[in-house]
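[1] when you get a sec, could you give me coordinates for this:
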Amino acid sequence: MRIGGVPEHFNLPWRLAIEEGVFANLGLDLQWTDYPGGTGALNRALRDGELDLAVILTEGMVADIINGNPARILKIHVRTPLNWGVFVNSASAFRSLDNLRAARFAVSRMGSGSHLMAYVNALQRGWDATALRMVVLQNLDGMRRGLRDGEADAFMWEKVMTQPHVDSGELRRVGVVPTPWPGFVLAARGEVLAGQSAQIAAMCKAFNAFVTGFKARPHLAETIARRYALPLFDVRQWLAETEWATDNRIDSFMLENVMDVLQKAGMIAKKIPVGQLMYL
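    Next up is the predicted model:
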């Protein structure tokens, strides 16, 4: 089975479980692929049959299912919110979130997490979210270039992954906006669920066991800092705040909240029954 996700620290448990033979011991050949393009690229890979499973932003998966993706959510991956930093170029005149009402926001793709969270920030601040200006720049590197070259004014990305670019003096973080729901889910294509349900159940059970007590692994913070080139201090703080899901429980009220926000942002035309989002 082919699984993918962004090349970020949230997904280290999957990478280590594969590397340490957790799934191979069950007779499962699980192959991981990084998707730097983020949620939009992952959803497209699921739609095109390029991936069987994706670890993906909760709101991005919900929106794409409603908009026609035949995938379903299997479980929560990270129960804690994702903290999105709001970044500007260090030479920018923008100094705070309140200054960004009329800013041009760089996003990786329309419908991506960086796109939706710009709307969430606007809604939370009482701005006219429909008036936001978006500039599509593919990925984090593209958005950094866009700020440097004056194509955009600000962008939102996961706080810890972007910290090295703040430390280097390239970017300035003007605020943090947590998602109002768990950060990531695991989703699967419908054809895979129909044909390999027993294997997927075994995989989820093995992963849940693997991630139980994951934060107690020796030298985990040092491993994350080294593998993802992140500051050790920030990694330790992030680990203290992060909770991986150790079961397959999904909160229906949480999914209702996600759909409410997506509808207000104009990213879905209507809500659907939560049962149509999940693999039951």
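
[2] all contacts plus neighbour counts: C-alpha atoms, from now on.
    Will do.

[3] wait, is residue 156 part of a strand?
    Yes: Residue 156: assigned to a strand according to DSSP: H, G, I helix; E, B strand; the rest coil.

[4] let me see the ranges of the helices in the chain.
    For the chain, the helices identified by DSSP state H occupy 12-19, 39-48, 58-66, 113-124, 140-148, 159-167, 190-195, 197-211, 220-228, 232-241, 252-264, in order along the chain.

[5] pick out the shakiest of those helices, pLDDT-wise.
    Lowest mean pLDDT within those: helix 113-124, at a mean of 87.

[6] distance from that one to the middle of the chain?
    Between the mean C-alpha location of helix 113-124 and the chain-wide mean there is a distance of 14 Å, by C-alpha atoms, centre = their mean, to the nearest Å.

[7] CA atoms only: put stretch 20-31 into PDB for me.
    Taking Å, rounded to 0.1, in the frame of the first residue of the first chain, the C-alpha atoms of stretch 20-31 are listed here in PDB:
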ATOM      1  CA  GLU A  20      11.500  -0.500  12.000                       C
ATOM      2  CA  GLY A  21       9.400  -3.200  10.300                       C
ATOM      3  CA  VAL A  22       6.200  -2.700  12.200                       C
ATOM      4  CA  PHE A  23       4.000  -3.300   9.200                       C
ATOM      5  CA  ALA A  24       6.400  -5.800   7.400                       C
ATOM      6  CA  ASN A  25       6.000  -8.000  10.500                       C
ATOM      7  CA  LEU A  26       2.200  -8.200   9.600                       C
ATOM      8  CA  GLY A  27       3.000  -9.000   6.000                       C
ATOM      9  CA  LEU A  28       2.100  -5.500   4.900                       C
ATOM     10  CA  ASP A  29       4.400  -3.700   2.400                       C
ATOM     11  CA  LEU A  30       3.700   0.000   3.300                       C
ATOM     12  CA  GLN A  31       5.600   2.500   1.100                       C
END
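
[8] let me see the mean pLDDT of that stretch.
    So the average pLDDT for stretch 20-31 ends up being 96.

[9] which residues touch residue 244?
    By C-alpha atoms under 8 Å, 6 or more residues apart in numbering, the contact set of residue 244 is 77, 78, 79, 80, 211.
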